[in-house]
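Asks: what follows is a predicted protein model with its sequence.
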Amino acid sequence: MGRGTTSPRRADDRAIALLVACRLVATLANTSCFTVGVLGTAVYDLGATVFEVSLLMLVVNLAIVAGNALGGLAVDALDPRRVLVAGLVGYTLTAVVFFAVPLSLTALTAVCGLYSAVFGAIVTVFTSLPPFVVSDAFLARANSLMATAENAAYIVGPALGGMVALACLVPMAFLAFFAFGAFDSLETVYYRDVLQVGVEWTGWLNAVMGLGATAGSLALLRVPEQRQTVGLAAGLVAVVGAGTVLYVATTSPLVAACGMAVLGFGWGLFEPLLNLVVQRDAPEGAVGRVMGVLQMGQRSSGVLPLLAAPFLAQAFGVQPVLVTAGVVALVAGLAFVAVARRVAPGR
């Protein structure tokens, strides 16, 4: 008898937990991106007027209403769980569309209309789903906890969106310094086994990097103020990655020297530019904390690869590991450029 009474309850508890988790994640996705991402892009980056923002919100609200109705029809005609999965996939597809189309107020409004229709359908599915997966005795608990999760998302979501809007600077700082962590333990072995040069080349090649870094630092004085942006910093991460690949991809010391010069220049310009962006954009009274987080992210990138690099080098070889570190920085830098153009096109 004990088993017969506890097993259904456990099934209900699991179902409620899944419902609450799904409701929380779905609502977080909406609240974290809409105020900061959608309205912030419209007003700050695209210069929308009050009438244009009103039109955007009108489209959003009408689309939600339409999505509510369509979601209800879909729930009655189909399995609501399948409708929910389709809606969550639609979330992802609208994000892909947003990044694929040229950014303009018209495109933003159209994509937001599509997204809002999907969101409206998802809301209807969530409010309809409990009777399908939870017994009658637990419906009150399910609805209460789902509503609590939704309301909590309205607290956490906007704050999360605000953090994401400066936050790409931390992984950029991490990845720009990423390869150095691997180099600390493998670089000298690379000189001996791959380049097959004497220990004096360690000094010469690092001196070349120092010259490049010095030139890069001074180059910031030549960068116009309107170009001193997150987008340029992202591009410099890619430059650091490209220089790293050039440095370690061949067996030629001269090619390695050219790579060191490119790597040094990219890093030399990236570091002071990143500091400048933070100093200008960080909230008043928070510059020290933001800088602290950036420095922690940057320096931790020199620790984490150091722990794994010897084992990876033993398994795959020194040169493949170093090339891979450079490729990671290069690809990530190009991805950051695309993201920066979207979330901060004028910064």
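Replies: Received the coordinates, thanks. Numbers count the residues shown, from 1 in each chain.

Asks: and the nearest residue to residue 327 once chain neighbours are set aside, what does it touch?
Replies: Among residues not flanking residue 327 along the chain, residue 245 sits closest, at 6.1 Å (C-beta to C-beta, 6 or more residues apart in numbering). (Each C-beta comes from the backbone N, C-alpha and C, glycine too.) Neighbour list for residue 245: 259, 323, 326, 327, 330 [criterion: C-beta atoms under 8 Å, 6 or more residues apart in numbering].

Asks: tell me which of those residues fall in helices.
Replies: Under the assignment DSSP state H, the contacts of residue 245 contribute 259, 323, 326, 327, 330 to helices.

Asks: what's the closest of the residues you listed to residue 54?
Replies: Residue 54 has its nearest neighbour among those in residue 330, at 43.3 Å by C-beta to C-beta.

Asks: now that closest one: how far from residue 234?
Replies: Residue 330 sits 12 Å away from residue 234, going by C-beta to C-beta, to the nearest Å.

Asks: compare those two (neighbour count), which wins?
Replies: Using other C-beta atoms under 10 Å as the criterion, residue 330 and residue 234 rank with residue 234 on top: 26 against 21.

Asks: quick check, pLDDT for that one.
Replies: pLDDT, residue 234: 84.

Asks: do the same with residue 83
Replies: 84.

Asks: phi, psi for it please.
Replies: With angles defined as degrees, to the nearest 10, residue 83 sits at phi -60, psi -40.

Asks: how about the nearest residue to it once chain neighbours are set aside, what does it touch?
Replies: Counting by C-beta to C-beta, 6+ apart, residue 74 is the residue found nearest to residue 83 once chain neighbours are left out, at 4.5 Å. Contacts for residue 74 (C-beta under 8 Å, 6+ apart) come out as 80, 83, 121, 125.

Asks: inside helices: which ones of those residues?
Replies: Judged by DSSP H, the subset of the contacts of residue 74 located in helices is 80, 83, 121, 125.

Asks: show me which pair in the residues you listed is furthest apart.
Replies: 80 and 121 (10.7 Å).

Asks: those helices in the protein, which residues are they?
Replies: For the chain, the helices defined by DSSP H cover 2-33, 40, 50-77, 80-100, 105-128, 130-133, 139-167, 169-176, 178-190, 200-219, 230-248, 253-281, 287-316, 318-343.

Asks: coming back round to it: let's see the pLDDT reported for the residue nearest to residue 327.
Replies: The per-residue pLDDT of residue 245 was computed as 91.

Asks: what does the one 5 residues further on give?
Replies: Predicted confidence (pLDDT) at residue 250: the value is 92.

Asks: correct me if wrong: it contacts residue 258.
Replies: No. Using C-beta atoms under 8 Å, residue 250 is not in contact with residue 258; the gap is 9.8 Å.

Asks: what about residue 80 and residue 121, which has more around it?
Replies: residue 121 (26 against 20).

Asks: between the contacts of residue 245, which sits nearest residue 173?
Replies: Distances from residue 173 to the contacts of residue 245, taken by C-beta to C-beta, are shortest for residue 330, at 16.0 Å.

Asks: and the spatially closest residue to the closest one that is not a sequence neighbour, what is it in contact with?
Replies: Using C-beta to C-beta, 6+ apart and skipping the chain neighbours, the partner closest in space to residue 330 is residue 241 (2.9 Å). By C-beta under 8 Å, 6+ apart, the contact list for residue 241 reads 175, 179, 326, 327, 328, 329, 330, 331, 332, 333.

Asks: farthest-separated two in those?
Replies: Largest separation among the contacts of residue 241 by C-beta to C-beta: 179 and 331, giving 12.7 Å.

Asks: wait, residue 187 touches residue 202, no?
Replies: Yes. Between residue 187 and residue 202 there is a contact under C-beta under 8 Å: 7.4 Å.

Asks: more neighbours, the two?
Replies: Counting neighbours by other C-beta under 10 Å for residue 187 and for residue 202 shows that residue 187 has the greater number, 19 against 15.

Asks: distance of the more buried one relative to residue 193?
Replies: Distance of residue 187 to residue 193, given as C-beta to C-beta: 11 Å.

Asks: then residue 258?
Replies: The gap separating residue 258 from residue 193 is 20 Å, by C-beta to C-beta.

Asks: okay, those two: which has more neighbours?
Replies: Legend: neighbour count by other C-beta under 10 Å for residue 258 and residue 193, higher for residue 258 (16 against 13).

Asks: show me what contacts the spatially closest residue to that one that is not a sequence neighbour?
Replies: Nearest non-adjacent residue to residue 258, counting by C-beta to C-beta, 6+ apart: residue 246, 6.2 Å away. Going by C-beta under 8 Å, 6+ apart, residue 246 touches 255, 256, 258, 259, 262, 263.

Asks: what about the fourth one, neighbour count?
Replies: The burial metric for residue 259, expressed as a neighbour count using other C-beta under 10 Å, is 25.

Asks: find the residue closest to it in space, skipping its chain neighbours.
Replies: residue 247 (2.9 Å).

Asks: the second one too?
Replies: Sequence neighbours aside, residue 247 is the residue nearest to residue 256 in space, at 5.3 Å (criterion: C-beta to C-beta, 6+ apart).
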